[in-house]
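A.B. asks: My questions concern the predicted model and sequence given below.
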Amino acid sequence: MKRAGVAIVALALGLVIGGLGRAAIVPGSGSQAIVPMKAILAVNYQSVAGLTRAAQLIVFARASFTEDVQYGQLPFAVTTLEVLDVLKSNRAAPGRLRVLELGGRLQPGPVKGGDGAMRESRTVSLEGVPVMKPGAEYVLFLEPYVGSVTSDAWVALGQFQGTFEIVRGEVTYGGDRRLLSEAEFATQREFDAHSLTALRDEVHTNVP
Amino acid sequence: MTWSRKNSSRKHSIIGYLFVLCLGLVGSTATSLGPLLGRADALPYSYRLIGGVNGRYFWISPTTANHAYDNIIRAGVSSWNGLATSSSTVLFTELTSNAGTQADFYALDYGNTPWVGVTVMRDANGNGVVTAAGQPPYADWTYSEVSLNDYLLRQPNLFPSTNKIQNVAGHEMGHALGLDHTSNPNDLPLICALMWPNLASYEQCTPPVFTPQGDDRNSVRLLSP
């Protein structure tokens, strides 16, 4: 009887500990407040080799500044970067370029049942990956942007799939690491914590 | 001898309790293991659409870029109707204005962006529902806004059929109901679900997926009323 009691307590303890573990990945108290945007990607990239073959321009670049652009219901960030190195280009490589990303400051939408008292813009992140930040360095797999949101710009293939932040010479995933195991982050998993040199080598190996 | 037997029996008990403790841990994380345990993979968020998913309304913006999509969006939304949750049934009907709707659809030309559909949850004051970075919402939401990229939907190489566009509309409606992505990289091609984070379920499954599948339906059952 006593043993059964202890077993029940142990089972309950296990459920509680496990539950705490799960709860701990939900609220994220103290971290930057982010609005999630769930997206379905038009083309899915599963490897850096695939990105390399598809990209028209691959650069190592440093972000200078970011402009917020609202278009339709969605916020976009247009980041200007200084090109530090060109890894692949099928045209004259630019020294400076602009890259369009979904994300940034989301404006409030229609009031539906609220009192309208607290209305504020909030930071948006596509699948938990922040837009590029000034001062940071990136390897970007790009194609020219064609559309009305901005002009004379590029987009990264798969947005976060083709954007690799480099910190002190190492590929450093800028989003929530707990999401790295998910299907859409195959390219990030492939080179997470690898050196910039290793990423460059992979690109050079696969440049047609 | 008696002491040693007692000691050994105590050891067995401790091992037994540890085993039961582990069972508890496994049980508590079973939902995150998804298909490994035969459970729904596109799990509902921890929070929900305020007021539930029955007797609710959707709206298609009249400023949408291409009204050819209206019927496809309607088909995408209604493909979820009639599915049973734990204690209710999904039912969304269309209104001609967005006052009082819970899912609003916009289709605009956003150009060759990497994404073809995006969903944002908002509270009653229209603010985006705040979460920790990358995590599903940790507050209940009042309504969702779905944005479809008309530019990509018009590309015949990407979207050769209306069924594939319905895959996108239905997928985003799944988010509006409260479902996260089916996102275990090892699932394909074993699990063909509408809630894949890309178009793989249409492009790689036979037949192509454009309505809720078994995994999606299992996930709907876990939705709060």
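C.D. replies: Looks like it arrived, so ask away.

A.B. asks: Would you mind measuring from the most centrally placed residue in chain B to residue B:152?
C.D. replies: Central residue of chain B (CA atoms, centre = their mean): residue B:179, 2.3 Å from the mean position. Going from residue B:179 to residue B:152 by CB to CB, to the nearest Å gives 22 Å. C-beta coordinates here come from the backbone N, C-alpha and C atoms, glycine included.

A.B. asks: just the strands in chain B please.
C.D. replies: B:56-60, B:92-94, B:103-108, B:115-122, B:143-149 (DSSP state E).

A.B. asks: Compile these into JSON lines and extend it with columns for mean pLDDT, distance to chain A and mean neighbour count.
C.D. replies: Converted to JSON lines, the strands of chain B look like this (pLDDT from 0 to 100; distance: least, CB to the nearest CB, whole Å; neighbours: other CB atoms under 10 Å in any protein chain shown):
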{"stretch": "strand B:56-60", "mean pLDDT": "97", "distance to chain A": "10", "mean neighbour count": "21"}
{"stretch": "strand B:92-94", "mean pLDDT": "98", "distance to chain A": "15", "mean neighbour count": "17"}
{"stretch": "strand B:103-108", "mean pLDDT": "96", "distance to chain A": "4", "mean neighbour count": "25"}
{"stretch": "strand B:115-122", "mean pLDDT": "92", "distance to chain A": "4", "mean neighbour count": "26"}
{"stretch": "strand B:143-149", "mean pLDDT": "95", "distance to chain A": "5", "mean neighbour count": "27"}
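
A.B. asks: Redo these as CSV? Include distance to residue A:144.
C.D. replies: Below are those laid out as CSV (distance: least, CB to CB, whole Å):
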stretch, distance to residue A:144
strand B:56-60, 31
strand B:92-94, 38
strand B:103-108, 20
strand B:115-122, 17
strand B:143-149, 17
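
A.B. asks: Could you check how far the nearest residue to residue A:70 once chain neighbours are set aside is from residue A:200?
C.D. replies: Distances taken as CB to CB, 6 or more residues apart in numbering or on different chains place residue A:107 nearest to residue A:70, at 6.0 Å, with adjacent residues excluded. Residue A:107 sits 39 Å away from residue A:200, taking CB to CB as the criterion.

A.B. asks: same thing with residue B:158?
C.D. replies: Where residue A:200 is concerned, residue B:158 sits at a distance of 31 Å (CB to CB).

A.B. asks: Repeat that for residue B:223.
C.D. replies: In terms of CB to CB, residue B:223 sits 46 Å off from residue A:200.

A.B. asks: These two - which one has more neighbours?
C.D. replies: Legend: neighbour count by other CB atoms under 10 Å in any protein chain shown for residue B:223 and residue A:200, higher for residue B:223 (23 against 15).

A.B. asks: my read: the more buried one touches residue B:80, true?
C.D. replies: No - the pair residue B:223 / residue B:80 is not scored as a contact, 10.4 Å apart, by CB atoms under 8 Å.

A.B. asks: Common neighbours of the two, please.
C.D. replies: residue B:177 (CB atoms under 8 Å, 6 or more residues apart in numbering or on different chains).

A.B. asks: what residue ranges in the chain score low on pLDDT?
C.D. replies: Reading this off chain A. For chain A, the stretches with pLDDT under 70 are A:1-36.

A.B. asks: nope, chain B please
C.D. replies: In chain B the weaker segments, taking pLDDT under 70 as the threshold, are B:1-46, B:130-138, B:185, B:187-190, B:225.

A.B. asks: And the helices in it, which stretches?
C.D. replies: Secondary structure of chain B, counting by DSSP state H: helices at B:2-28, B:30-33, B:70-78, B:150-153, B:162-177, B:200-203, B:214-221.

A.B. asks: Same question for chain A.
C.D. replies: Applying DSSP H to chain A gives helices spanning A:2-24, A:48-54, A:186-191, A:196-206.

A.B. asks: what does the shortest one rub up against?
C.D. replies: So the one you mean is helix A:186-191. Here helix A:186-191 makes contact (CB under 8 Å, 6+ apart) with A:45-48, A:50-51, A:158, A:160-162, A:164, A:171, A:173, A:175, A:180-181, A:198-199, A:202, B:185.

A.B. asks: Excluding sequence neighbours, find me the nearest residue to residue A:169.
C.D. replies: Spatially, and ignoring its direct neighbours in sequence, residue A:169 is nearest to residue A:196 (5.1 Å; CB to CB, 6+ apart).

A.B. asks: does the one you found really touch residue A:171, like I thought?
C.D. replies: Yes - applying CB under 8 Å, one finds residue A:196 in contact with residue A:171, separated by 6.9 Å.

A.B. asks: Touching both of these two, which residues are there?
C.D. replies: Both residue A:196 and residue A:171 are contacted by residue A:139, under the criterion CB under 8 Å, 6+ apart.

A.B. asks: what about residue B:178, neighbour count?
C.D. replies: Here the number of neighbours of residue B:178 (other CB under 10 Å) works out to 27.

A.B. asks: Could you find the closest non-adjacent residue to residue 144?
C.D. replies: You didn't say which chain, so I picked chain A. Spatial nearest neighbour of residue A:144, excluding adjacent residues (CB to CB, 6+ apart): residue A:154 at 5.9 Å.

A.B. asks: ah, no, chain B please
C.D. replies: Closest to residue B:144 by CB to CB, 6+ apart is residue B:176, at 3.9 Å.

A.B. asks: since we're on the one you found, how many residues are nearby?
C.D. replies: By other CB under 10 Å, 27 other residues sit near residue B:176.

A.B. asks: I figured it was touching residue B:102, is that so?
C.D. replies: Yes - applying CB under 8 Å as the test, residue B:176 and residue B:102 come out as touching, 7.1 Å apart.

A.B. asks: shared neighbours of the two, anything?
C.D. replies: B:49, B:58, B:144.

A.B. asks: how about TSV for those residues, with distance to residue A:75 added?
C.D. replies: Output for the shared contacts of residue B:176 and residue B:102, formatted as TSV (distance: CB to CB, whole Å):
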residue	distance to residue A:75
B:49	23
B:58	23
B:144	16
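
A.B. asks: now, among the residues you listed, which is nearest to residue A:56?
C.D. replies: Of all these, residue B:144 has the smallest distance to residue A:56: 34.6 Å, by CB to CB.

A.B. asks: Tell me how far that closest one lies from residue B:173.
C.D. replies: Following CB to CB, the distance that separates residue B:144 from residue B:173 is 9 Å.
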